[in-house]
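Colleague: for reference, the sequence and a predicted model appear below.
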Amino acid sequence: MSDAYTTHGAFSWNELMTTDPAKAKAFYAALLGWTLEEAPMGHTHYTLIKVGETPVGGIMGIPPGAPEGMPPNWGAYVTVDDVDAAAQKAAELGGHVCVPPTDIAGVGRFCVIADPQGAVVSLITYSKK
């Protein structure tokens, strides 16, 4: 497991949520030479982005339940030692918990927070493998 997946405060994953995953995959693969690998996750179609053999991110459709009219966007994940504690601390510091701590089977536990100025980032604690 890479240090980014275990080091508190390290950026560790990037994810594109988009209205047209097929077009996005074609665009980024051609532009950046990424290797794309389908990785089914329950009911969600998910595509891993790889640089060489290293997974660095994912592409998925905008999920059901997302705010209406949400535009395609890139999201960054930052590793934390304890996602539940980090979500609570973010709120105590004046941030907003947009998506509460939630399990991702086989991956770990994440949440989405907004800082007091409204910038959004995802926090994640990866499962020990």
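Modeller: Happy to help now that I have it.
Colleague: got the contact list for the strand or helix carrying G57?
Modeller: In the assignment (DSSP states H and E), G57 maps to strand 54-61. Strand 54-61 is contacted from outside by 2, 13-19, 21, 24-25, 28, 36-37, 39, 44-50, using C-beta atoms under 8 Å, 6 or more residues apart in numbering. All C-beta atoms are positioned from the backbone trio N, CA, C, and that covers glycine.
Colleague: please redo it, this time with the cut-off set to 7 Å
Modeller: Contacts of strand 54-61 with the rest of the structure, by C-beta atoms under 7 Å, 6 or more residues apart in numbering, involve 13-18, 21, 24-25, 44-50.
Colleague: what about burial for these, which qualify?
Modeller: Listed as buried from these are W13, E15, L16, M17, T18, P21, A24, K25, Y46, T47, I49; burial here means 16 or more other C-beta atoms under 10 Å.
Colleague: using PDB, list the CA coordinates for the strand holding G57.
Modeller: Presented in PDB, the C-alpha positions along strand 54-61 are these (Å, rounded to 0.1, in the frame of the first residue of the first chain):
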ATOM      1  CA  THR A  54      -0.500   2.300 -10.400                       C
ATOM      2  CA  PRO A  55      -4.200   3.200  -9.700                       C
ATOM      3  CA  VAL A  56      -4.400   7.000  -9.100                       C
ATOM      4  CA  GLY A  57      -8.100   7.700  -9.400                       C
ATOM      5  CA  GLY A  58     -11.500   6.800 -10.800                       C
ATOM      6  CA  ILE A  59     -14.300   7.900 -13.100                       C
ATOM      7  CA  MET A  60     -18.000   7.400 -12.400                       C
ATOM      8  CA  GLY A  61     -21.400   8.800 -13.300                       C
END
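Colleague: off-centre distance for it?
Modeller: From the chain centre to the centre of strand 54-61 is a distance of 8 Å (C-alpha atoms, centre = their mean, to the nearest Å).
Colleague: and if you look at stretch 46-57?
Modeller: A distance of 13 Å separates the centroid of the chain from that of stretch 46-57, by C-alpha atoms, centre = their mean.
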